[in-house]
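Chemist: can't give you the sequence, but here's the structure:
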Ligand SMILES: N#Cc1c(N)ncnc1-c1cnn(Cc2cccc(F)c2)c1
């Protein structure tokens, strides 16, 4: 299951749960697996249909975000989600090959994880001062752009400030990345809130097309590239339950796994419940049945 190339194309990149293949003619094939990661480990048990659900969600979001992209004179990289090899039907996207910018464009609407630690140390996130009294899970007064550099596979991304983004891509492009990232986050958060889901944060990746325009790449606004929290259980002051991975996290914690040795297989009920959460995220966000 894991590790073997699934299509007869040259492998370009391999992440924890996804692969990129060279499809030729200036195209790439992004393939989403059914693998799931938790606590920085890829688990041995696949979640059936996870790859198909997250691919369908990205495809839906590319359409939803097109008006925001157009307002910035930008586009997205999706060419087709149907013109793909049969062995990865439904869980692959044929995309334009881009010159990817070396910046992970993260937008945060809520305080969580490393953001909370930074706030507790400095009273701010990167170069954005925040009001006192915020806690884990607090909604930020305004969404914040918190870029990082892309780490090697298996490493953690490195937080960078806006000045470093300017060094990497130039002042005008850096400003464009920040404003477009925040505009895309705001639209995503608005749509998600209407579906009872809080978009705590998300990561976008951008490339540049041959005519120099910005292009939204990678996957977009999936539970793998974002923190989705159920709005109904939002309670600032403690880590918020993950919309999709909480069953897995809770079971791993109860199993006694030490987070260092190879992770254990998931029981069937946790697999089924987790699959249902991915399907629920898709159906709640899009308002359409997952097939
Ligand atoms: N998207 C996109 C893209 C593009 N449109 N043009 C050129 N390169 C990329 C590209 C290359 N790597 N990644 C990240 C990545 C790593 C591992 C697995 C994955 F599925 C994805 C993105």
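Modeler: Received the coordinates, thanks. The structure displayed is predicted, hence computed values, not measured ones.

Chemist: pLDDT weak spots in the stretch 151-291 of the chain?
Modeler: Applying pLDDT under 70 to the stretch 151-291 of the chain flags residues 153-154.

Chemist: same thing but at 50, please
Modeler: Within the stretch 151-291 of the chain, no stretch falls below the threshold (pLDDT under 50).

Chemist: check what pLDDT residue 4 gets.
Modeler: At residue 4, the pLDDT value in this model is 65.

Chemist: return the residues of the stretch 1-150 of the chain in contact with the ligand.
Modeler: 13-15, 18-20, 28, 30, 77, 95-98, 100 (CB under 6 Å from any ligand atom). Every C-beta, even on glycine, is put in place using the N, C-alpha and C of the backbone.

Chemist: same thing but at 5 Å, please
Modeler: Proximity of the stretch 1-150 of the chain to the ligand (CB under 5 Å from any ligand atom) is limited to residues 13, 15, 18, 20, 30, 77, 95, 97, 98, 100.

Chemist: and the first one, that's in a strand?
Modeler: Going back to what we said before, that points to residue 13. Yes - assessed with DSSP: H, G, I helix; E, B strand; the rest coil, residue 13 lies in a strand.

Chemist: for residue 103, give me phi and psi.
Modeler: Residue 103 adopts backbone torsions of phi -140, psi 130, taken as degrees, to the nearest 10.

Chemist: kindly report the same for the one 3 residues further on.
Modeler: Geometry field for residue 106 lists phi and psi as phi -100, psi 130, criterion degrees, to the nearest 10.

Chemist: what sits against it?
Modeler: By CB atoms under 8 Å, 6 or more residues apart in numbering, the residues touching residue 106 are 145, 146, 147, 148, 181, 201, 202, 203, 204.

Chemist: try it again with 7 Å
Modeler: 146, 147, 148, 201, 203 (CB atoms under 7 Å, 6 or more residues apart in numbering).
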